[in-house]
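# Dropping the sequence and predicted coords here.
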Amino acid sequence: MKRLIALFCTLLLIVGAMPIMGAVAEEKITLTFVEVMTSPERTLVLEEAIKGFEEKFPNIEIELVSPPYETAETKVASMLAVGQDVDIVEMRDNSVAPWINNGFLYALDELVANWEGKDDLVEAALLAGSSIGDATYFIPQYLYVKALMVRTDILEKLGVTEMPVTTDEFLEVCKKITDPEKGQYAFALRGIGAPCKTTDVMWVTEVPEISEDNIYLTKDGTFYMDTPGGKKAVENYYTLFKECCPPDSINWGFNEQINGFVSGTTPFLVQDPDAVGNVSKSLKPEQYTAIPMPLGDSGKRYLDYGYAGLAVAANSEHPEEAFEFIKYMISGEVNARICEFYGALPVSKAAYETSDMFKLPVYKAWADEMEDENTVFTKFPLEDPRFAEYSSTVHLAAIQSYLLGETTADEFIKTCKDFWGY
Amino acid sequence: MVLPVIAVVAFFIFYPLMKGGIIAFQNYNLFNLKDIRFIGFDNFKAIIDNKNVSFVMILMNTIKWTVLSLMFQFLLGFLLAMMLRDPFKGRSVYCGFVFYPWALCGFSIGLIWSWLFNGQFGVINDLLMKAGIISENIGWLSNPDIAMYSVITANVWYGIPYFGIMLLAALQSVPSDLYEAATLDGCGSAQKLFHVTIPYIKPTIVSTVLLRSMWIVNFPDLIYAMTNGGPVNRTHILGTMMINKVYKEFDYGQASAYGVIIMVLLLSYSIAYLKLTKASEDNML
Amino acid sequence: MSTKKIRAISYNVFRVFILILFLLFAILPLFWIFITSIKTGEELYSIPLVYWPKNPTFDAYTRLFTYSNFKQYFINSMSVTLSSSLVAMILSVMGGFALSRFRQKKLKGWTELLLYFTQTVPSFMIMLPLFMFFSKLKLVDNLPVLASIYVATVIAFSTLMSRSFFDRIPVSLEEAAKIDGCNMLQSIVYVVLPLTLPGIAAIFCFAFVNIWNELFLAVMLINKSSKYTVPVALNSFISKAGVSWDLMSAGIVVSLLPTMVIFGIGQKYIVAGLTEGGVKG
């Protein structure tokens, strides 16, 4: 019994001593950097970059905090809300609006104005950085733009030599190559994980005059699904799912889409460039490429530029040093290395020169798409607090219900329209 | 002597619980923390009146989840305990292996089973195909009508050890003279089961079932890892809605409201349950 | 052969059959995960499914301990779980004993109801208030604090369990000890406790398994990856690209080991401790 008590006290002491051992006297400045797109491999890439920064700036130490991916944004929001010691935060387009709304982020305009390197950034980057709130609150590190990835080798085998340009051609090709008996389908549906980010971009091209401020509305304020073009897109999508997609794809997330594309089951995939990072691990460059999103009745394709980037916490004690870190991370070589890991488009023009990966033909396809005269950039209403609920819950359930045949196209459109109140 | 326990529970559970309860009545959304204000029952109204996610369906899902999991966990656990009652060589080792699922965390179990049930790469589909029982892959987790049963299967796998252990202990405690007396009276095995065994261990059954059912309701981890409530919200229970409100919609107010609903439900359920089974306090575990 | 013998044999055959079924049902998923952990990357997602890898590799395990700092997470989980289980065990034994010997029925009843009540509380409800409270005290990202919270989560059930163990020990034993000259503490320590040791071991096992496997509170309250517990580390193997199955399966196998060991040894005691009427005379 006495031994038990002794053992117990020792254990308590050991456990209690841990925080004391952790605290070290500091003469340097320590910045806390929180990433949100955590994965074990990515953390290593970031740590490498951090080491490089610490060599350049020996008096600054960066501490990396990596919360698990699924819950990271909520974690960061809570950390910022209670005023924990955070200096640099990684943000994503779909979760940054609350942080700006609550005043958690530091306005970077002054620091950006004095930054010579900013001319090196692609135009979309700085535009995005100031697109939410009344100041520049973040600097994107990489951009996401949707394109249509194709398995050229599989399509060749199946007798398709010309790539579809319009949405009607696309649907025809998909129907033609689908053969469920042989396990051959056409399109890697995004079933879960905010499918509206994919479907809206695919559908909106049938509707003319989409507003550049809100992808959901036409320039005169009509909800895009509530138009003949919108309805056509919705119904075509149902046909696409029923006739050209594996039935299981109603449950597919990013991982399953990649697997479908890599295994050849679904040679068409609408995705952001970070899919390339995953796909290139299993496929050779000659086997696939990307083509611009097919054009609908409007003759224009509307793309939103998604992004993830870095911001400075409003109550950081060292905003200038924090911004130094951001500058470093966005500079040519570092930006290239980090983007290579993901495959998303770097924001630094220099990165395209230094990195071999971004010279791959598939990336040229993305560049072509972005510069095409028929491409118009617009955005999702991310500042609207209802977008989180819409994309993750309401739209998800509604579209699954529709594709499974439980509701009609009109009911589906009405659900979406009623939610927004447009 | 009992004060430390009360103190710990009061400090770490009741105090935060009160605060959490208050949040249920507030407009506490991470989107706009400057606007935290008291909004009465609006969160609850929003949950119950939600046009897009039927509250009734979620309640039904929760009940289905709990009742079916409990039933199969209990029945299979009881069967296992009956089989284990008479000692045999290596029984301890066997127990170590057959009871281990309970040592896993709910999240891991969800992941393991989602991998087993995977539509394309899952072992279960593959084995069934090879055995010729099915000709097409079954969408265990993507078919809205089946998904709930897949999730329940994983939960049953997890819960059998609990009942197995509890009931084995209870079975072993039945004095053998009771059985001898019954045999003398001419009882067959089935009668022994229903007239000797079950009445004797009834108190154990009552308390383990009550506790287990409460724990199952508060066990959304597994569903969260396997389907996160999908497809089409058909595997959503109150607990998973609560998790989603926090992590996907950043709305702590409604999440806490879900929590309050869960607690009210469990409280009424336990009171009703206890009254029905008339279990005396002395016999409770 | 007499019908009795035939019945006995067929019952035994039936029994063995059922036991094997249960064992397969329990083991196969784990076996599959183990196979997954020794597959190479391409074999993971290949059709047709690979049942036994051509070149089994323990690469995932090596990477587990190099890429991700699994050894540290293991140590963190161990220290948090051991210390909180021990504290919970001691406190609940004290509390359970007191509750069992309590004379006033009403107060006893209310206390028990209170403890039962805690079982209805979902951890998400107390998560945010706890987080905010400890942030104000700058005590977030602090493993001892997490351990104390864990004590609170398991202590209610543990106390109820221990109370029932003490209920089965007749008070007459303590009285007999007192007559023999022991004071209160001695009678408890030397007479009562040894009889309930299996039960106390059972409480420890329950607490250990529950705390080791807790995920959501740990995710909320721990920031630095060096302080992760094992479930949080497993959770971190999920990224935008989905589950990293190689690391995840290896991680699951490794994290299962301590709980399996504790549970394997412990279940003997749990069963023994829970067997009512285990104390004779």
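Nice, thanks for sending it over.
# hey, let's count contacts and neighbours off CA atoms from now on
Will do.
# Surely A:Phe377 forms part of a strand?
Yes. A:Phe377 forms part of a strand when assessed by DSSP: H, G, I helix; E, B strand; the rest coil.
# Which pLDDT value goes with it?
As predicted, A:Phe377 sits at a pLDDT of 86.
# Over to whichever residue of chain B sits closest to chain A. Which of the three states is it?
The shortest separation between chain B and chain A is 4.0 Å, found at B:Phe31 (distances taken as C-alpha to the nearest C-alpha). Recorded secondary structure, B:Phe31: coil (three-state DSSP).
# Next, give phi and psi for it.
With angles defined as degrees, to the nearest 10, B:Phe31 shows backbone torsions of phi -70, psi -40.
# Now the longest helix seen in chain C: buried residues?
Longest helix in chain C by number of residues, with DSSP state H as the criterion: helix C:3-37. Along helix C:3-37, these residues count as buried under the neighbour rule (16 or more other C-alpha atoms under 10 Å in any protein chain shown): C:15, C:19, C:22-23, C:26-27, C:29-30, C:32-37.
# can you tell me the average pLDDT over that helix?
Averaging pLDDT along helix C:3-37 gives 88.
# Show me what it is packed against.
Other elements packing on helix C:3-37 under the criterion 3 or more C-alpha pairs under 8 Å, 6 or more residues apart in numbering or on different chains; DSSP states H and E are helix B:55-84, helix B:91-98, helix B:106-116, helix C:245-274.
# so which of these comes closest to C:Leu128?
Within the helices and strands packed on helix C:3-37, the stretch nearest C:Leu128 is helix B:106-116; the backing value is 20.3 Å (C-alpha to C-alpha).
# hmm, that closest one in reach of chain C?
Yes. In terms of C-alpha under 8 Å from any C-alpha of the partner chain, part of helix B:106-116 sits within range of chain C, namely B:106-108, B:112-113, B:116.
# got a list of contacts for the helix or strand following that helix?
If you walk from helix B:106-116 toward the C-terminus, the next helix or strand you reach (DSSP states H and E) is helix B:123-130. Taking C-alpha atoms under 8 Å, 6 or more residues apart in numbering or on different chains as the criterion, the residues outside helix B:123-130 that touch it are B:115-119, B:134-138, C:49.
# List buried residues within the residues you listed.
Buried members of these, counted by 16+ other C-alpha under 10 Å: B:115-119, B:137-138, C:49.
# Also within reach of chain A: list those from these.
With C-alpha under 8 Å from any C-alpha as the criterion, the subset of these in contact with chain A comprises B:Gly119.
# Taking the buried ones among the contacts of helix B:123-130 together, which two end up most distant?
The most widely separated members of these, counting by C-alpha to C-alpha, are B:Ile138 and C:Leu49 (15.7 Å).
# give me the low-pLDDT residue ranges for chain C?
C:1, C:47, C:184, C:187, C:241, C:273-281 (pLDDT under 70).
# Please parse it into its domains.
Split into domains by automatic domain parsing, chain C comes to C:1-57, C:67-274.
# so residue 262 is in which element?
Just going to use chain A. Following DSSP H and E, one finds A:Val262 within helix A:254-263.
# Oops, wrong one, chain B.
According to DSSP H and E, B:Ile262 maps onto helix B:252-277.
# quick one: contacts for residue 52?
Let's take chain A. A:Gly52 makes contact with no residue, according to C-alpha under 8 Å, 6+ apart.
# You answered for a different chain; I wanted chain C.
With contact set as C-alpha under 8 Å, 6+ apart, C:Trp52 has these partners: C:Ile35.
# Phi and psi next, for it.
Here is the backbone geometry of C:Trp52 (degrees, to the nearest 10): phi -130, psi 120.
# and the single nearest residue of chain C relative to chain A, how far is that from A:Pro40?
Here the residue of chain C nearest chain A is C:Ser236; by C-alpha to the nearest C-alpha that distance is 4.2 Å. When C-alpha to C-alpha, to the nearest Å is the yardstick, C:Ser236 and A:Pro40 sit 7 Å from each other.
# Just confirm yes or no for the helix holding B:Ile262 near chain C.
Yes. For helix B:252-277, a contact with chain C is found by C-alpha under 8 Å from any C-alpha, at B:255-256, B:259, B:262-263, B:266-267.
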